[in-house]
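J.: Give the three-dimensional model of this entry:
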Amino acid sequence: MYAIFTALGRSMRSMLRFDVFGHLIWPGIVSALLWLAVAVLSWTTLVSSGMRWVEGLGWGIGDQISASTMLAAIVFFLIKFALVCAFVPLFYVTSLALVALVALPMMLDRVAQRDYADLEQRHGGSNLGSVANTVAALLWFMLVFVLSLPLWLIPGVSLAAPVLAVGWLNQRIFGYDALMRHADRDEFVRLREELRPSLFLLGGTSVLLAYVPLLNIVAPALSGLAFVHFLLEALRRDRGVSILAPGTTGAPSPRFSP
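T.: This next block holds a predicted model:
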């Protein structure tokens, strides 16, 4: 956990840099405007469709809802709550795709030049591989997302499911992008496999930022930066690279352990 919090802290520090902040903010704004427009235009239809779906489940559920105003109100509330919970990961995933495909490569260059200039770039991945990995991960996510939607009416599932699903998506996409330029092919595969539990935990922790007002606009980009810091630091330790400040000699500076 120390490594995860350290990576998140470093990503917050990187966020304040002028040449990084612009790439943090625009994916969230574009995604928020897109899904806000979709929600406004489709809200009534989605709620009505949800009520019809619940009433048509059988087992006399429709009759019970018709006979009880309180039960109908509870179902109505649960449908609205599930829709709100569904729009949050959709916003996050859209922003995440924009970050992975456009913003993160630009941020990676700037962060790596400043904080990880000691790491040799061995190009174990590629931009084309990043696009293919992102598209494949998004397709799997959308399939699971759609198939699991009926379960979101169960209290608690609508909160836990997005964190788990998007946490997996974070580590699948950003785990590739963060290492693709600096790791060789062996390091690229091995480190992602060895650190998979930590990467999943980092991905899930990052998703929680999407539920924090204002911070949610930059949450996906901040998550990408956290993966960059976490994995490049892990790569640095794996290679045993000494980190010395320019013009100094002696012991390397402290590093966190993934």
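
J.: So residue 26 versus residue 222, what's the distance?
T.: 14 Å (Cβ to Cβ, to the nearest Å). The way it works is simple: take the backbone N, C-alpha and C, and place the C-beta from them, glycine included.

J.: next one: phi and psi at the nearest residue to residue 116 once chain neighbours are set aside?
T.: Among residues not flanking residue 116 along the chain, residue 232 sits closest, at 4.7 Å (Cβ to Cβ, 6 or more residues apart in numbering). Backbone torsions of residue 232, given as degrees, to the nearest 10, read phi -70, psi -30.

J.: tell me the contacts of residue 232?
T.: Going by Cβ atoms under 8 Å, 6 or more residues apart in numbering, residue 232 touches 112, 115-116, 119, 178-179, 182.

J.: Pick out whichever of residue 26 and residue 222 has more residues nearby.
T.: residue 222 (22 against 18; other Cβ atoms under 10 Å).

J.: okay but the more buried one is in contact with residue 10, surely?
T.: No: counting by Cβ atoms under 8 Å, residue 222 stays clear of residue 10, with 10.8 Å between them.

J.: Restricted to helices, list the contacts of residue 232.
T.: 112, 115, 178-179 (DSSP state H).

J.: where does the stretch 51-200 of the chain dip in pLDDT?
T.: Within the stretch 51-200 of the chain, the segments meeting pLDDT under 70 span 58-60, 153, 158.

J.: And the residue nearest to residue 34 when sequence neighbours are not counted, how far from residue 166?
T.: Distance criterion Cβ to Cβ, 6+ apart; nearest residue to residue 34, sequence neighbours excluded, is residue 94 at 6.4 Å. Between residue 94 and residue 166 the computed distance is 11 Å (Cβ to Cβ).

J.: what's the answer for residue 181, then?
T.: 25 Å.

J.: of those two, who's got more company?
T.: For residue 181 and residue 166, the more surrounded residue by other Cβ under 10 Å is residue 166, and the numbers stand at 26 against 20.

J.: residues in contact with the residue nearest the centre of the chain?
T.: The residue lying closest to the centre of the chain (Cα atoms, centre = their mean) is residue 170, at 4.0 Å. Going by Cβ under 8 Å, 6+ apart, residue 170 touches 96, 202-204, 206-207, 223, 227.

J.: tell me which element it falls in.
T.: Element membership of residue 170, judged by DSSP states H and E, is helix 157-179.
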